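*Asks:* Below are the sequence and a predicted model for it; my questions follow.
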Amino acid sequence: MAIRRMNLSARAHDRLLRVARTIADLDHATTVAAKHLAEAVQFRNLDRNYWS
């Protein structure tokens, strides 16, 4: 849903998943949960707001 709302490209989608995986790793989780994806989306929004 966030991909469509934010109009992200396939490359941005891949980066978002990669950031979510990193967040999950830092959380010592074996799988990526919704909270990890939500945090990655928040980072993406911060990036868009301050660097666009």
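*Replies:* Nice, thanks for sending it over.
*Asks:* Which strand or helix spans the most centrally placed residue in the chain?
*Replies:* Centre of the chain computed as the mean C-alpha position; nearest residue by CA atoms, centre = their mean is residue 40, 2.8 Å away. In this assignment (DSSP states H and E), residue 40 forms part of helix 34-51.
*Asks:* Pull the residues that contact that helix.
*Replies:* Helix 34-51 is contacted from outside by 2, 6, 8, 12, 16-17, 19-21, 23-24, 27, 29, using CB atoms under 8 Å, 6 or more residues apart in numbering. (Glycine included, C-beta is placed from N, CA and C.)
*Asks:* measure the residue nearest to the centre of the chain to residue 18 for me?
*Replies:* 8 Å (CB to CB, to the nearest Å).
*Asks:* Repeat that for residue 24.
*Replies:* In terms of CB to CB, residue 24 sits 11 Å off from residue 18.
*Asks:* more neighbours, these two?
*Replies:* Neighbour count, other CB atoms under 10 Å: between residue 24 and residue 18, residue 24 has more, with 19 against 11.
*Asks:* I'd like the mean pLDDT over the host helix or strand of that one, please.
*Replies:* Using DSSP H and E, residue 24 sits within helix 10-26. The pLDDT scores in helix 10-26 average 94.
*Asks:* So which elements touch that helix?
*Replies:* Contact partners of helix 10-26 among helices and strands, from 3 or more CB pairs under 8 Å, 6 or more residues apart in numbering; DSSP states H and E: helix 2-5, helix 34-51.
*Asks:* Report the angle between that helix and helix 34-51.
*Replies:* Angle between the axes of helix 10-26 and helix 34-51 is 120 degrees (criterion: axes from the mean of the first three to the mean of the last three CA atoms, to 10 degrees).
*Asks:* Show me the contact partners of helix 10-26.
*Replies:* For helix 10-26, the external contacting residues (CB under 8 Å, 6+ apart) are 2-3, 6, 8, 31-33, 36-37, 39-41, 43-44.
*Asks:* in that helix, what's buried?
*Replies:* For helix 10-26, a neighbour-count test (16 or more other CB atoms under 10 Å) marks 16, 19-21, 23-24 as buried.
*Asks:* again with stretch 40-49
*Replies:* Of the residues in stretch 40-49, those buried (16+ other CB under 10 Å) are 40-41, 44.
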